[in-house]
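Asker: Sharing a sequence plus its predicted fold:
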Amino acid sequence: MNSRFKIAPSILSADFGQLAHEVRAAEQAGADWIHLDVMDGHFVPNLTIGPDVVRAVARVSRSVLDVHLMVHEPSHLIPSFVEAGAHCIGVHVEACAHLHRVIQQIQATGTRACVVLNPATAPELVRPVLPLVDQILVMTVNPGFGGQSFIREALPKIQQLRQWIDATGRDIDLSVDGGIGLDTIEDVAIHGARAFIMGSAFFKSGDYKRFVDAIRQKLAPYEPKSAPPAPRTLSA
Ligand code: DX5
Ligand code: ZN
(Lines give C-alpha, C1' and ligand atoms only; values in the text may rest on other atoms or scores of the structure.)
(Ligands and ions follow the chains in the order given, each with its own letter.)
Protein backbone atom coordinates (compact mmCIF):
# COMPACT_ATOMS: atom_id res chain seq x y z
CA MET A 1 0.00 0.00 0.00
CA ASN A 2 1.23 3.47 -0.89
CA SER A 3 1.28 5.17 2.50
CA ARG A 4 3.73 7.28 4.47
CA PHE A 5 2.84 5.12 7.48
CA LYS A 6 4.21 1.67 8.29
CA ILE A 7 2.27 -0.93 10.26
CA ALA A 8 4.52 -3.27 12.22
CA PRO A 9 2.91 -6.12 14.18
CA SER A 10 5.06 -7.29 17.10
CA ILE A 11 5.07 -11.08 17.21
CA LEU A 12 5.49 -10.94 21.00
CA SER A 13 1.69 -11.15 21.19
CA ALA A 14 1.33 -13.74 18.41
CA ASP A 15 0.62 -17.42 19.00
CA PHE A 16 4.18 -18.80 19.14
CA GLY A 17 2.85 -22.29 18.51
CA GLN A 18 1.76 -21.15 15.06
CA LEU A 19 4.35 -18.53 14.34
CA ALA A 20 4.72 -19.14 10.60
CA HIS A 21 0.96 -18.95 10.16
CA GLU A 22 0.76 -15.78 12.29
CA VAL A 23 3.48 -14.03 10.28
CA ARG A 24 1.84 -14.92 6.96
CA ALA A 25 -1.57 -13.84 8.24
CA ALA A 26 -0.16 -10.50 9.45
CA GLU A 27 1.42 -9.89 6.06
CA GLN A 28 -1.73 -10.85 4.18
CA ALA A 29 -3.63 -8.38 6.36
CA GLY A 30 -1.33 -5.57 5.22
CA ALA A 31 1.59 -5.44 7.65
CA ASP A 32 4.63 -3.57 6.31
CA TRP A 33 7.18 -4.77 8.84
CA ILE A 34 7.36 -7.66 11.30
CA HIS A 35 8.74 -6.53 14.67
CA LEU A 36 10.67 -9.07 16.76
CA ASP A 37 11.38 -8.38 20.44
CA VAL A 38 14.59 -9.80 21.86
CA MET A 39 14.80 -9.60 25.67
CA ASP A 40 17.80 -10.63 27.78
CA GLY A 41 16.29 -10.91 31.28
CA HIS A 42 18.80 -8.27 32.40
CA PHE A 43 18.18 -5.00 30.55
CA VAL A 44 14.49 -5.87 30.84
CA PRO A 45 12.88 -8.31 33.30
CA ASN A 46 11.81 -10.86 30.69
CA LEU A 47 13.28 -13.38 28.24
CA THR A 48 12.06 -13.95 24.71
CA ILE A 49 13.65 -15.05 21.47
CA GLY A 50 17.08 -15.33 19.88
CA PRO A 51 18.48 -15.47 16.33
CA ASP A 52 17.03 -18.94 15.61
CA VAL A 53 13.48 -17.61 15.85
CA VAL A 54 14.38 -14.61 13.68
CA ARG A 55 15.77 -17.07 11.12
CA ALA A 56 12.57 -19.12 11.23
CA VAL A 57 10.48 -15.98 10.66
CA ALA A 58 12.78 -14.86 7.83
CA ARG A 59 12.08 -18.14 6.04
CA VAL A 60 8.35 -17.45 5.83
CA SER A 61 8.26 -13.66 5.73
CA ARG A 62 8.43 -11.27 2.81
CA SER A 63 8.44 -8.12 4.98
CA VAL A 64 11.05 -5.95 6.60
CA LEU A 65 12.20 -7.73 9.76
CA ASP A 66 12.61 -5.11 12.47
CA VAL A 67 14.56 -6.60 15.38
CA HIS A 68 14.33 -4.77 18.69
CA LEU A 69 17.18 -5.74 21.02
CA MET A 70 16.30 -5.15 24.67
CA VAL A 71 19.75 -6.33 25.59
CA HIS A 72 22.50 -4.79 27.68
CA GLU A 73 25.60 -4.02 25.54
CA PRO A 74 24.29 -5.96 22.50
CA SER A 75 27.27 -5.64 20.13
CA HIS A 76 28.41 -9.27 20.52
CA LEU A 77 24.95 -10.47 19.34
CA ILE A 78 24.64 -8.25 16.28
CA PRO A 79 26.41 -10.61 13.82
CA SER A 80 24.03 -13.46 14.75
CA PHE A 81 20.93 -11.36 14.13
CA VAL A 82 22.28 -10.06 10.82
CA GLU A 83 23.05 -13.60 9.73
CA ALA A 84 19.55 -14.67 10.83
CA GLY A 85 17.96 -12.20 8.41
CA ALA A 86 17.27 -8.95 10.29
CA HIS A 87 16.79 -5.96 7.98
CA CYS A 88 16.87 -3.40 10.78
CA ILE A 89 18.38 -3.79 14.25
CA GLY A 90 17.37 -1.52 17.12
CA VAL A 91 19.58 -0.99 20.16
CA HIS A 92 18.68 0.93 23.30
CA VAL A 93 20.49 4.19 23.98
CA GLU A 94 20.44 3.24 27.67
CA ALA A 95 22.16 -0.10 26.95
CA CYS A 96 25.10 1.09 24.82
CA ALA A 97 28.08 2.91 26.26
CA HIS A 98 29.47 3.52 22.74
CA LEU A 99 26.45 4.30 20.58
CA HIS A 100 28.22 5.50 17.42
CA ARG A 101 30.32 2.35 17.39
CA VAL A 102 27.29 0.04 17.66
CA ILE A 103 25.40 1.90 14.92
CA GLN A 104 28.45 1.69 12.65
CA GLN A 105 28.82 -2.01 13.44
CA ILE A 106 25.21 -2.64 12.35
CA GLN A 107 25.45 -0.51 9.20
CA ALA A 108 28.75 -2.08 8.15
CA THR A 109 26.79 -5.29 7.54
CA GLY A 110 24.32 -3.51 5.22
CA THR A 111 21.60 -3.61 7.90
CA ARG A 112 19.63 -0.54 8.96
CA ALA A 113 20.40 0.78 12.44
CA CYS A 114 17.75 1.97 14.87
CA VAL A 115 18.23 3.63 18.25
CA VAL A 116 15.56 3.11 20.89
CA LEU A 117 14.66 5.38 23.82
CA ASN A 118 12.85 4.34 26.97
CA PRO A 119 9.95 6.58 28.03
CA ALA A 120 12.04 8.43 30.63
CA THR A 121 15.03 8.99 28.33
CA ALA A 122 15.49 12.51 26.98
CA PRO A 123 15.51 12.96 23.18
CA GLU A 124 18.80 14.87 23.45
CA LEU A 125 20.56 11.52 23.91
CA VAL A 126 20.00 10.58 20.27
CA ARG A 127 20.73 14.02 18.83
CA PRO A 128 24.45 13.27 18.33
CA VAL A 129 23.63 10.25 16.14
CA LEU A 130 21.01 11.92 13.90
CA PRO A 131 23.57 12.27 11.07
CA LEU A 132 23.97 8.51 10.81
CA VAL A 133 21.03 6.58 12.26
CA ASP A 134 18.32 5.04 9.98
CA GLN A 135 15.47 4.74 12.46
CA ILE A 136 14.52 6.08 15.90
CA LEU A 137 12.12 4.12 18.06
CA VAL A 138 10.37 5.90 20.91
CA MET A 139 9.10 3.52 23.58
CA THR A 140 5.64 4.48 24.79
CA VAL A 141 5.76 1.85 27.55
CA ASN A 142 8.66 0.62 29.64
CA PRO A 143 9.94 -2.32 27.60
CA GLY A 144 9.64 -5.90 28.77
CA PHE A 145 6.05 -6.98 28.22
CA GLY A 146 3.18 -6.66 25.79
CA GLY A 147 -0.20 -5.28 26.73
CA GLN A 148 0.90 -2.34 28.90
CA SER A 149 -0.75 1.07 28.95
CA PHE A 150 0.44 3.83 26.66
CA ILE A 151 2.55 6.53 28.39
CA ARG A 152 1.28 9.88 27.09
CA GLU A 153 4.28 11.77 28.46
CA ALA A 154 6.28 10.42 25.51
CA LEU A 155 4.27 12.53 23.03
CA PRO A 156 6.30 15.76 23.27
CA LYS A 157 9.45 13.73 22.71
CA ILE A 158 8.02 12.34 19.45
CA GLN A 159 7.20 15.86 18.34
CA GLN A 160 10.68 17.11 19.21
CA LEU A 161 12.34 14.25 17.34
CA ARG A 162 10.12 14.86 14.30
CA GLN A 163 11.36 18.48 14.18
CA TRP A 164 15.00 17.46 14.49
CA ILE A 165 14.63 14.70 11.88
CA ASP A 166 12.96 17.06 9.41
CA ALA A 167 15.76 19.58 9.96
CA THR A 168 18.37 16.99 8.97
CA GLY A 169 16.65 16.35 5.62
CA ARG A 170 17.55 12.69 6.15
CA ASP A 171 15.05 9.86 5.68
CA ILE A 172 14.99 8.61 9.27
CA ASP A 173 12.01 6.44 10.23
CA LEU A 174 10.37 7.60 13.46
CA SER A 175 8.60 4.70 15.10
CA VAL A 176 6.68 4.10 18.32
CA ASP A 177 6.26 0.94 20.40
CA GLY A 178 4.00 0.19 23.35
CA GLY A 179 0.29 0.56 23.92
CA ILE A 180 -0.36 1.51 20.29
CA GLY A 181 -3.80 0.68 18.92
CA LEU A 182 -6.99 2.27 17.63
CA ASP A 183 -7.24 4.60 20.66
CA THR A 184 -3.68 5.95 20.52
CA ILE A 185 -2.60 5.82 16.87
CA GLU A 186 -3.87 9.29 15.99
CA ASP A 187 -2.04 10.90 18.91
CA VAL A 188 1.32 9.44 17.90
CA ALA A 189 0.73 10.17 14.20
CA ILE A 190 -0.15 13.81 14.94
CA HIS A 191 3.05 14.18 16.91
CA GLY A 192 5.13 12.87 14.02
CA ALA A 193 5.47 9.09 14.26
CA ARG A 194 5.47 7.25 10.92
CA ALA A 195 5.85 3.60 11.93
CA PHE A 196 3.63 1.89 14.48
CA ILE A 197 4.60 -1.23 16.35
CA MET A 198 1.57 -3.04 17.67
CA GLY A 199 1.55 -6.25 19.66
CA SER A 200 -1.58 -6.97 21.65
CA ALA A 201 -3.88 -4.59 19.74
CA PHE A 202 -2.99 -6.38 16.50
CA PHE A 203 -2.84 -10.02 17.55
CA LYS A 204 -5.77 -9.89 19.98
CA SER A 205 -7.97 -8.13 17.43
CA GLY A 206 -9.44 -11.39 16.14
CA ASP A 207 -9.50 -10.20 12.53
CA TYR A 208 -6.12 -8.83 11.41
CA LYS A 209 -7.34 -7.50 8.07
CA ARG A 210 -10.21 -5.62 9.66
CA PHE A 211 -7.85 -4.23 12.27
CA VAL A 212 -5.36 -2.98 9.65
CA ASP A 213 -8.18 -1.40 7.67
CA ALA A 214 -9.44 0.37 10.80
CA ILE A 215 -5.93 1.63 11.58
CA ARG A 216 -5.48 2.84 7.97
CA GLN A 217 -8.78 4.67 8.24
CA LYS A 218 -7.59 6.46 11.39
CA LEU A 219 -4.36 7.44 9.63
CA ALA A 220 -5.94 8.52 6.34
CA PRO A 221 -6.40 12.19 7.34
CA TYR A 222 -2.67 12.44 8.00
CA GLU A 223 -1.51 11.12 4.63
CA PRO A 224 0.16 13.95 2.68
CA LYS A 225 -2.23 14.13 -0.29
CA SER A 226 -5.59 13.48 1.30
CA ALA A 227 -7.88 16.43 1.91
CA PRO A 228 -7.42 17.38 5.57
CA PRO A 229 -10.73 16.62 7.34
CA ALA A 230 -10.11 18.95 10.27
CA PRO A 231 -7.26 17.00 11.89
CA ARG A 232 -7.18 17.04 15.64
CA THR A 233 -4.86 19.54 17.27
CA LEU A 234 -1.71 18.68 19.20
CA SER A 235 -2.17 17.72 22.80
CA ALA A 236 0.36 16.16 25.12
C1 DX5 B 1 7.57 -4.25 24.70
C2 DX5 B 1 7.90 -4.57 23.26
C3 DX5 B 1 6.81 -4.31 22.31
C4 DX5 B 1 5.54 -5.07 22.60
C5 DX5 B 1 4.44 -4.10 22.42
O6 DX5 B 1 8.69 -4.29 25.46
O7 DX5 B 1 9.03 -3.83 22.82
O8 DX5 B 1 7.20 -4.45 20.95
O9 DX5 B 1 5.31 -6.18 21.78
O10 DX5 B 1 3.27 -4.67 22.83
P11 DX5 B 1 1.91 -3.83 22.96
O12 DX5 B 1 1.62 -3.30 21.57
O13 DX5 B 1 0.95 -4.86 23.42
O14 DX5 B 1 2.15 -2.73 23.93
ZN1 ZN C 1 9.47 -3.87 20.61
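Answerer: Thanks, I have the structure now. Numbering: from 1, shown residues only. Ligands and ions are numbered 1, 2, ... in the order given.

Asker: and this structure, which residues reach ligand 1?
Answerer: Neighbours of ligand 1 within the chain, by CB under 6 Å from any ligand atom: 10, 12-13, 35, 37, 68, 141, 143-144, 146-148, 177-180, 197-201. Just so you know, the C-beta spots here come from the backbone N, C-alpha and C atoms, and that holds for glycine as well.

Asker: what residues are up against the residue of the chain found nearest ligand 2?
Answerer: Residue nearest to ligand 2 within the chain (CB to the ion): H68, separated by 3.7 Å. Shown in contact with H68 (CB atoms under 8 Å, 6 or more residues apart in numbering): 10, 35-38, 90, 114, 116, 137, 143, 177, 197.

Asker: same thing but at 10 Å, please
Answerer: Contacts for H68 were tallied using CB atoms under 10 Å, 6 or more residues apart in numbering; they are 8, 10, 12, 35-39, 48, 86, 88-92, 114, 116, 137, 139, 143, 175, 177, 197.

Asker: Take those residues and keep only those in helices.
Answerer: Judged by DSSP state H, the subset of the contacts of H68 located in helices is empty.

Asker: and the closest residue to L77 other than its chain neighbours, what is it in contact with?
Answerer: The shortest distance from L77 to any non-neighbouring residue, by CB to CB, 6 or more residues apart in numbering, is to V71 (6.3 Å). Counting by CB under 10 Å, 6+ apart, V71 touches 38-44, 77-78, 81, 91-92, 95-96.

Asker: Fine by me, we can end here.
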